[in-house]
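A.B. asks: Build me a model:
(one chain, ligands or ions: 1)
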Amino acid sequence: MKWRTGEAGLRRFGNPATRTIFDVPAHIIDGKALAEKLRGEIASDVSTFTNESGVTPHLAAVLVGEDPASAVYVRNKERACANVGIGSTLHRLPAETTQAELLELIGQLNANDSVHGILVQLPLPAQIEEKAVLDAVSALKDVDAFHPENVGLIVQGRPRFLPCTPCGVQQMLIHHGVQTAGAHAVVIGRSEIVGKPLVNMLMQKGEAANATVTVCHSRTRDLNDITRQADILIAAIGLPLFVKADMVKPGAAVIDVGINRLEGKLVGDVDFDQVCEVAGAISPVPGGVGPMTITMLLRNTLTAATLLRKTS
Ligand SMILES: Nc1nc(=O)c2c([nH]1)NC[C@@H]1CN(c3ccc(C(=O)N[C@@H](CCC(=O)O)C(=O)O)cc3)C=[N+]21
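C.D. replies: Below you'll find the model as predicted:
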């Protein structure tokens, strides 16, 4: 489905199964549907790779502690792997695991030739230094693209892996016809996981890039004046319903990276109900960036298996 600036009319949005269909003015950037389509393509690529090499790509996921949200995410990732023919192993460690114990496990996974991708689920318990752990993951198995070597390659415009959430956002822009070249993209949020890499990727030469990029964060003055200039507005701040209609230029494409629980409901960083009246295109939560993040993890695991085969 394509969307172009200035397109008018109401769009149908919702889930026919639950009869929650309603009409909204903005084009809906449906991450769930796109994720399903791309997972079909990944499954076919995995099958080709496995037939040619005799190797089944394998993801090792590490979960430390009992955080219920993390447990759900990790389970979703395992299921997604199985659905495209990627093997996975979940390593569950108790909340009181020491940094040395976690590093020991990562060392074993690095050395294990049948493991191609390693994912350490964040956040980690307070006694463990996140940077030390992420640095220890082999750069060739770093399917999150958090290792400094992989971050450096992204900055230089020659990525090995692209980080899952930013890459998912780019795919959503590509597949919905949102033109990034020359556009003003405003990213709210400067996290290592989303904001910082995404800003870097959007300003590179290449597909879903060549944008003029502005980074906003908690210390930005006159935030609304800046966000209102955005042709593409990306919300990755971690504050529920933070982006309101008066922060959005009419017709802009709005991508909501937020995952917040509010009164038992999952909501994004964008106040969808009001912003969809102003935006030209908007991604929902749930069903937006989340499913795309997992899809890009699957793609990266296949890439890792391909790379490790070439280097061994
Ligand atoms: N090393 C690491 N890599 C990650 O990629 C990583 C992580 N740690 N820690 C936590 C965050 C969060 N994250 C999500 C992925 C998918 C959905 C997702 O699919 N959400 C569904 C809804 C799921 C639900 O109902 O809870 C949706 O938005 O439609 C959400 C969140 C990956 N993360």
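A.B. asks: where does the stretch 51-200 of the chain have low pLDDT?
C.D. replies: Counting by pLDDT under 70, the stretch 51-200 of the chain contains no low-confidence range.
A.B. asks: In it, mark out all the strands, start to finish.
C.D. replies: 58-64, 87-93, 117-120, 184-188 (DSSP state E, counting those that start in this stretch).
A.B. asks: is any part of the second one close to the ligand?
C.D. replies: When you say that, I think you mean strand 87-93. No: using Cβ under 6 Å from any ligand atom, strand 87-93 stays clear of the ligand, coming no nearer than 13.0 Å. Heads up, the C-betas are built off the backbone N, CA and C, glycines and all.
A.B. asks: Any chance you could list what contacts that strand?
C.D. replies: The contact list for strand 87-93, computed with Cβ atoms under 8 Å, 6 or more residues apart in numbering, reads 56-65, 74, 77-78, 81-82, 101-102, 105, 109, 115.
A.B. asks: Repeat the analysis, applying 7 Å as the threshold.
C.D. replies: 56-64, 74, 78, 81, 102, 105 (Cβ atoms under 7 Å, 6 or more residues apart in numbering).
A.B. asks: Find the residue closest to residue 83 in space, skipping its chain neighbours.
C.D. replies: Nearest residue to residue 83 in three dimensions, chain neighbours excluded: residue 39, at 6.6 Å (Cβ to Cβ, 6 or more residues apart in numbering).
A.B. asks: Most proximal residue of the stretch 1-150 of the chain with respect to the ligand?
C.D. replies: Nearest residue of the stretch 1-150 of the chain to the ligand (Cβ to the nearest ligand atom) works out as residue 122 at 3.9 Å.
A.B. asks: so who does that residue touch?
C.D. replies: Residue 122 makes contact with residue 130, according to Cβ under 7 Å, 6+ apart.
A.B. asks: In contact with the residue nearest to residue 194 when sequence neighbours are not counted, which residues?
C.D. replies: In space, and not counting its chain neighbours, residue 194 is closest to residue 236: 4.2 Å by Cβ to Cβ, 6+ apart. Residues near residue 236 by Cβ under 7 Å, 6+ apart: 187-189, 191, 194-195, 257-258, 269.
A.B. asks: run the last query once more with 10 Å
C.D. replies: Residues near residue 236 by Cβ atoms under 10 Å, 6 or more residues apart in numbering: 165-166, 169, 187-191, 193-196, 198-199, 217, 255-258, 268-269, 289.
A.B. asks: can you give me phi and psi for residue 256?
C.D. replies: phi -100, psi 110 (degrees, to the nearest 10).
A.B. asks: Is there a neighbour count for it? I'd like the number.
C.D. replies: 29 (other Cβ atoms under 10 Å).
A.B. asks: so who does the nearest residue to it once chain neighbours are set aside touch?
C.D. replies: Leaving aside its sequence neighbours, residue 256 sits nearest to residue 268 (Cβ to Cβ, 6+ apart; 3.7 Å). Contacts of residue 268 were listed using Cβ under 10 Å, 6+ apart, and they are 235-236, 239-243, 254-260, 262, 275, 282-286, 288-290.
A.B. asks: For the stretch 1-150 of the chain, list the residues in contact with the ligand, please.
C.D. replies: Residues of the stretch 1-150 of the chain lying close to the ligand (Cβ under 6 Å from any ligand atom) are 72-73, 76, 119-122, 144.
A.B. asks: can you check the stretch 201-312 of the chain too?
C.D. replies: Counting by Cβ under 6 Å from any ligand atom, the stretch 201-312 of the chain sits next to the ligand at 259, 266, 285-287, 290-291, 293-294.
A.B. asks: Report the buried members of the residues of the stretch 1-150 of the chain next to the ligand.
C.D. replies: 73, 119-122, 144 (16 or more other Cβ atoms under 10 Å).
A.B. asks: returning to what we had before: now do the residue nearest to residue 256, the pLDDT please.
C.D. replies: As predicted, residue 268 sits at a pLDDT of 98.
A.B. asks: Could you check which residue of the protein lies nearest the ligand?
C.D. replies: For the chain, Cβ to the nearest ligand atom, closest residue to the ligand: residue 290, 2.4 Å.
A.B. asks: Please give me every residue in contact with the closest residue in space to that residue that isn't next to it in sequence.
C.D. replies: Nearest non-adjacent residue to residue 290, counting by Cβ to Cβ, 6+ apart: residue 259, 6.2 Å away. For residue 259, the contact set (Cβ under 10 Å, 6+ apart) comprises 69, 73, 165, 238, 240, 266-269, 285-286, 288-290, 293.
A.B. asks: Contacts only, for the spatially most central residue of the chain.
C.D. replies: Residue closest to the mean C-alpha point of the chain, counted by Cα atoms, centre = their mean, is residue 165 at 1.3 Å. With contact set as Cβ under 10 Å, 6+ apart, residue 165 has these partners: 144, 191, 193-195, 197-198, 236, 257, 259, 289-290, 292-294, 296-297.
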